[in-house]
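Asks: Sequence first, then the predicted structure:
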Amino acid sequence: MGIGLYRSYQFFLRRIGRFTCDLQVFGREHLIENGPLIIAANHASFFDPMLLGVTYDRPLSFMARESLFSASRFFSWVIRQTFAFPLKHGATAKDALRLFEERLKNDLAVVLFPEGTRSKDGRYVKSESAIGMLSTRSNAPIQPVYVMGSWHAWPRFQKYPRVGPMRVYVGPAIYPKANLARGDKRAEQNRLNAAYEQALLDFEQQAWREFQGES
């Protein structure tokens with residue numbers, strides 16, 4: 001994996017974001033820059049991975065569909081060097097979970113979008129997710145992060161992006177309880193899922209209220 005190339009992308013994207021999108025990050029004091037970490041974020045636009053990537057100093061590992069790795073040799077090389085990894089066509093949820101666990105065991109930060117796909121209207125949609133299970137199995141904390149403005153700049157129905165303000169809200173990490181009895185794990189997974197879901201919904205109310213006040 002190419003940490004040098006990743007740092008170069010961060011350098012340029014941070015400056016582009018600052019001067020063209022008035023990018024602001026709230027809750028920097030909550031950022032976890034070391035150790036295994038699960039980042040649970042809303043997904044409204046193709047901009048979201050880039051905005052998350054420049055929010056943290058540490059490299060973030062994203063899962064991407066396998067077809068992106070075969071689009072071209074150059075593009076495949078670029079995304080592999082920036083810590084992305086493929087999910088093979090026909091892979092199961094269990095396969096995806098194993099891939100994430102491998103990275104968490106190596107003290108990496110992985111990004112999961114619980115919605116699974118980009119929002120149709122920019123609003124966060126609650127959905128079934130294995131994040132709580134992944135957290136209890138890996139003992140990695142969950143950090144809720146909400147991205148605002150990316151949908152307005154590049155919604156899924158729009159072919160090309162436009163310039164607009166961007167905001168990233170970072171919440172306190174949610175830690176799994178350790179040394180759980182087997183019968184307590186399901187309840188703990190549900191608690192973790194409910195906690196990050198509520199954090200994202202609370203951020204959404206704040207973000208949309210503040211964003212509309214700016215416009």
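Replies: Received, thanks.

Asks: could you pull out the helices for the protein?
Replies: Taking DSSP state H as the criterion, the chain contains helices spanning 3-20, 48-55, 73-81, 93-105, 131-138, 150-153, 185-214.

Asks: mind checking which of those helices is nearest residue 113?
Replies: Taking Cβ to Cβ, helix 48-55 is the member of these nearest to residue 113, at 7.4 Å. Placement of C-beta: from N, CA and C, glycine included.

Asks: now the chain, which segments are flagged as low pLDDT?
Replies: 1-2, 5, 65, 68, 71-72, 74-75, 78-82, 89-91, 215 (pLDDT under 70).

Asks: Closest to the mean position in it, which residue would that be?
Replies: residue 111 (3.8 Å; Cα atoms, centre = their mean).

Asks: Residue 47: neighbour count?
Replies: 19 (other Cβ atoms under 10 Å).

Asks: Quick check, it in contact with residue 150.
Replies: Yes. Look at residue 47 against residue 150 with Cβ atoms under 8 Å: they come within range, at 4.0 Å.

Asks: list residues touching both of these two?
Replies: residue 166 (Cβ atoms under 8 Å, 6 or more residues apart in numbering).

Asks: residue contacts, residue 84?
Replies: Each residue near residue 84 by Cβ under 8 Å, 6+ apart is listed here: 61, 62, 63, 64, 68.

Asks: how much space between residue 133 and residue 189?
Replies: 5 Å (Cβ to Cβ, to the nearest Å).
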